[in-house]
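S.K.: Have a look at this prediction, sequence included:
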Amino acid sequence: TTVKIYLPRLHAAAAEQPEEDIRQDVVPTGCETILVVEDNTELRTYSTESLRELGYRVFEAATGPTALKILASRPEIELLFTDVVLPDGMNGRQLADQARGLQPQLKVLFTTGYTRNAIVHHGRLDPGVQLIGKPFTYAELASKIRAVLDDVKQADEQQLPAHWIDGKS
């Protein structure tokens, strides 16, 4: 088999950009306290280490009941970063509801490995729900965490359907 590719020829010199014009992506950081709840050890380690590198103080838990114990003893926690699907009979939504009973001003960011198509109904998530899909990059995590802590509405913000959060889908 022979494959030929014909590309147009450019007869101009390459434009050089001065180094100061090259934009470097700045990753948002912070100093707030975050509780990461993830049953997968590798994902929990990645998230907690990434957040610590970004300057946050981080606590971690593998289950909802453990997370509630930490929240009860650590009123300085400002953000709950939780997987939607958790073991031991408590999902992320149930955890968030009980956590807000302990700390009404607590902000919550959900994460999930499900595609948006699997969790979105009528193009929307439930009001007030913040979500970051797995897998996420360091920069995506940094940006989303900062946006949630700063109450910044994302253009692509959507809500998780109740039937999916309750594990009935």
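M.R.: Yes, it's here. Just so it is clear, the structure is predicted and the values come from calculations on it, not from any experiment.
S.K.: now this structure, which segments are flagged as low pLDDT?
M.R.: For the chain, applying pLDDT under 70 flags the ranges 13-25, 115-127, 153-169.
S.K.: what's the helix or strand for residue 136?
M.R.: Assigned by DSSP states H and E, residue 136 belongs to no helix or strand.
S.K.: What is the three-state secondary structure of the residue most central in space within the chain?
M.R.: Centroid-nearest residue in the chain: residue 132, 3.7 Å away (criterion: CA atoms, centre = their mean). Classification of residue 132 using DSSP: H, G, I helix; E, B strand; the rest coil returns strand.
S.K.: what are the bridge partners for it, then?
M.R.: Counting by DSSP bridges, residue 132 is bridged to residue 111.
S.K.: Looks like it contacts residue 142 (just checking).
M.R.: No. Counting by CB atoms under 8 Å, residue 142 is not a contact partner of residue 132; they are 10.7 Å apart. No exception for glycine: its C-beta is placed from N, CA and C like everyone else's.
S.K.: Quick one: the strands in the chain, in order.
M.R.: 33-37, 57-61, 79-83, 107-112, 131-133 (DSSP state E).
S.K.: Let's have the ones you listed in a markdown table, adding distance to residue 48.
M.R.: Below are the strands of the chain laid out as a markdown table (distance: least, CB to CB, whole Å):
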| stretch | distance to residue 48 |
| --- | --- |
| strand 33-37 | 5 |
| strand 57-61 | 5 |
| strand 79-83 | 9 |
| strand 107-112 | 13 |
| strand 131-133 | 15 |
